[in-house]
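# Next come a sequence and a model predicted from it.
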Amino acid sequence: MSELALELVIPVYNLEGESIGQVELPKVFKTPLRKDLIRRAFLSAFTARLQPKGTDPLAGLRTTAESLGVGYGIARVARIKGSLRAARVPQAVKGRRAHPPKVEKKLHERINKKERRLALMSAIAATAMKEVVESRGHVVPDKPLPVVVEDRLESISQTSELKKVLVKLGLWADVERAHEGTRVRAGRGKMRGRRYKVPVSLLIVVRRNDGIVKAARNLPGVAVKTVKNLSVLDLAPGGHPGRLTVYTVGALEELRERFPVEVVQK
């Protein structure tokens, strides 16, 4: 667990980047930082998406090849009739695999419900810890975290308008960092619909989507989530907490309702 400074009352900004008031953070932001639980919850959510893999039981075995037996001065592997080319065995061309993937292999990391909930609360609290956010490599503005914006942000539907707001809030530098870090993936993946690797940038948490998803979907590394769909995958990409996050006032109020009880550190 970590003891990090946290401001309980932070300013609220309008779309012009001006402070228009203050808001008290919900109790969930007092949750102690548990990197171990966050890592487990991330692995559990990530591995839940993996699809079991297996092979055809007859793969490599659809052949009439037979061994010639002993006395011919050659290895006793199965050979195609009419020639001496080996078949069926793992070391042969088009032969079966020695150790194929099994569908019964355990892929999903299990985690208790209370642990997953505590991990989510801890990941939310980490977005208010400036040291943790900076350690992820984000370009952090010179203002208290998390950045809270009025609810009008949810109704922005144009990317150009959202860019202007992020510039005025001092958050555009982190989007530029993600743009400059975008690169072409190495390997075969570039041929399979995942050509680019894009660094993670801002996370915008809203109460409801009134157009903000459409405005943010073309910005590199930027993601928009409602409080209802918020998960450790969004708050701690790669299992590392402290993503630079923007909350609307309505999102904070919904967090206050969803996590009304403060976690006592033992």
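Sure thing, it's come through. Residues are numbered from 1 along each chain as shown.

# Below-threshold pLDDT in this protein: ranges please.
For the chain, residues meeting the criterion pLDDT under 70 lie at 1-7, 264-266.

# domains in it, as residue ranges please.
9-50+108-258, 53-106 (automatic domain parsing).

# right, so the ones you listed: which one is the most enclosed?
domain 9-50+108-258 (a mean of 18; mean count of other C-beta atoms under 10 Å). The C-beta positions use only the backbone N, C-alpha and C, and glycine is treated the same way.

# Which strands or helices does the helix or strand hosting residue 251 pack on?
Using DSSP states H and E, residue 251 sits in helix 249-258. Contact analysis of helix 249-258 by 3 or more C-beta pairs under 8 Å, 6 or more residues apart in numbering; DSSP states H and E lists strand 147-149, strand 203-206 as its packing neighbours.

# Tabulate those strands in a markdown table, adding columns for distance to residue 112.
Listed next are the helices and strands packed on helix 249-258 as a markdown table, based on distance: least, C-beta to C-beta, whole Å:
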| stretch | distance to residue 112 |
| --- | --- |
| strand 147-149 | 32 |
| strand 203-206 | 25 |
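
# right, and the ones you listed - which one's nearest residue 163?
strand 203-206 (12.9 Å; C-beta to C-beta).

# who does the closest one touch, helix- and strand-wise?
If contacts are counted by 3+ C-beta pairs under 8 Å, 6+ apart, strand 203-206 sits against helix 212-216, strand 223-226, strand 245-248, helix 249-258.

# Nearest to residue 53 among these would be which one?
Ranking the helices and strands packed on strand 203-206 by proximity to residue 53 (C-beta to C-beta) places strand 223-226 first, at 28.5 Å.

# Which strands or helices does the closest one pack on?
With contacts taken as 3+ C-beta pairs under 8 Å, 6+ apart, strand 223-226 sits against strand 203-206, helix 212-216.

# To residue 186, which of the ones you listed lies closest?
Among the helices and strands packed on strand 223-226, strand 203-206 comes nearest to residue 186, with 26.6 Å by C-beta to C-beta.

# mind listing what the closest one pairs with, with the direction of each?
Using DSSP bridges, strand 203-206 pairs in its sheet with strand 223-226 (parallel), strand 245-248 (parallel).

# Reformat these as JSON lines; add distance to residue 120.
Supplementary listing: the strands paired with strand 203-206 in JSON lines, determined by distance: least, C-beta to C-beta, whole Å:
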{"stretch": "strand 223-226", "distance to residue 120": "12"}
{"stretch": "strand 245-248", "distance to residue 120": "13"}
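
# all strands of the stretch 51-200 of the chain, in order?
Here the stretch 51-200 of the chain has its strands, by DSSP state E, counting those that start in this stretch, at 66-67, 78-79, 147-149, 183-184, 196-197.

# can you tell me which of those comes nearest to residue 106?
For the strands of the stretch 51-200 of the chain, the distance to residue 106 is smallest for strand 196-197, at 28.3 Å, taking C-beta to C-beta.

# which residue sits closest to residue 120 in space, ignoring its chain neighbours?
In this structure, residue 120 finds its nearest non-sequential neighbour in residue 232, 5.7 Å apart by C-beta to C-beta, 6 or more residues apart in numbering.

# actually residue 263, not the one I typed
Once flanking residues are discounted, residue 263 sits nearest to residue 31: 4.6 Å by C-beta to C-beta, 6+ apart.

# count of neighbours near residue 263?
Burial of residue 263 is recorded as 17 neighbouring residues (other C-beta atoms under 10 Å).

# one step back: could I get the helices and strands packed on strand 223-226 in TSV, plus columns for distance to residue 189?
Below are those laid out as TSV (distance: least, C-beta to C-beta, whole Å):
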stretch	distance to residue 189
strand 203-206	24
helix 212-216	25
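
# of all those, which lies closest to residue 12?
Closest approach to residue 12 among these (C-beta to C-beta): strand 203-206, 14.3 Å.

# rewinding a little: out of the helices and strands packed on helix 249-258, which is closest to residue 255?
Closest approach to residue 255 among the helices and strands packed on helix 249-258 (C-beta to C-beta): strand 203-206, 8.2 Å.

# Please save the CA atoms from the closest one in CSV.
Output of strand 203-206 as CSV, limited to C-alpha atoms (Å, rounded to 0.1, in the frame of the first residue of the first chain):
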residue,chain,number,x,y,z
LEU,A,203,-9.4,8.5,-20.4
ILE,A,204,-12.6,10.6,-20.3
VAL,A,205,-15.2,9.3,-17.8
VAL,A,206,-18.8,10.6,-18.2
